[in-house]
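Peer 1: The amino acid sequence is not available; the structure is as follows:
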């Protein structure tokens, strides 16, 4: 798979698979748990569709690789006269950002002074696949090889 970052990956996180009421409700619960874990995220958010000016915005995204989409969102938020309260993603691929050996999450946190929280990390996924063994365990091997090349330190 070719990612938005331009990197070629042996795996792809497809949020489109959350396509039923039950699966959307479950991922919503996971997002809510991740959002409530950093105490400063729970207040002052924005309602989808509301004017952004003067508001604190929480960006909710499916995945973070190199942070490209989140940086684009930050530009839109700033141009609208709002401030970024934080970012929550379903999965952190734990890859290097675009400008350093830091992870994309670490870069965004440092550059923008905002917390970034993930529901699950690539490490969590790899650990689960290894525990399952067999064909799933083999997938974990390919993911680990990719992580050795693009993973953050």
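Peer 2: Thanks, I have it. These figures come from a predicted structure and were not determined experimentally. Numbering: from 1, shown residues only.

Peer 1: so where do the strands sit in this structure?
Peer 2: Listed in chain order, the strands of the chain (DSSP state E) span 56-64, 83-92, 116-121.

Peer 1: angle of the shortest one against strand 56-64?
Peer 2: To tie it back to what came earlier, the one meant is strand 116-121. Between the axes of strand 116-121 and strand 56-64, defined by axes from the mean of the first three to the mean of the last three Cα atoms, to 10 degrees, the angle is 30 degrees.

Peer 1: mind listing what strand 116-121 pairs with, with the direction of each?
Peer 2: Strands that pair with strand 116-121, judged by DSSP bridges, come out as strand 83-92 (parallel).

Peer 1: Just the buried positions in the partner strand, please.
Peer 2: Of the residues in strand 83-92, those buried under the neighbour-count criterion (16 or more other Cβ atoms under 10 Å) are 84-92. Quick note: C-beta positions are derived from backbone N, CA and C, even for glycine.

Peer 1: Over to stretch 17-34?
Peer 2: When burial is assessed from 16+ other Cβ under 10 Å, stretch 17-34 yields the following buried residues: 27, 31, 34.

Peer 1: go on, stretch 71-82?
Peer 2: Of the residues in stretch 71-82, those buried (16+ other Cβ under 10 Å) are 71, 73-74, 77, 82.

Peer 1: Identify all contacting residues around it.
Peer 2: Stretch 71-82 has contacts (Cβ atoms under 8 Å, 6 or more residues apart in numbering) with 46, 51-57, 59, 61, 83-84, 108, 112.

Peer 1: Over to stretch 101-120?
Peer 2: Contact partners of stretch 101-120, identified using Cβ under 8 Å, 6+ apart, comprise 27, 30-31, 33-35, 37-38, 40-41, 64-67, 70-71, 74, 84-100, 152-153.

Peer 1: No more questions from me, cheers.
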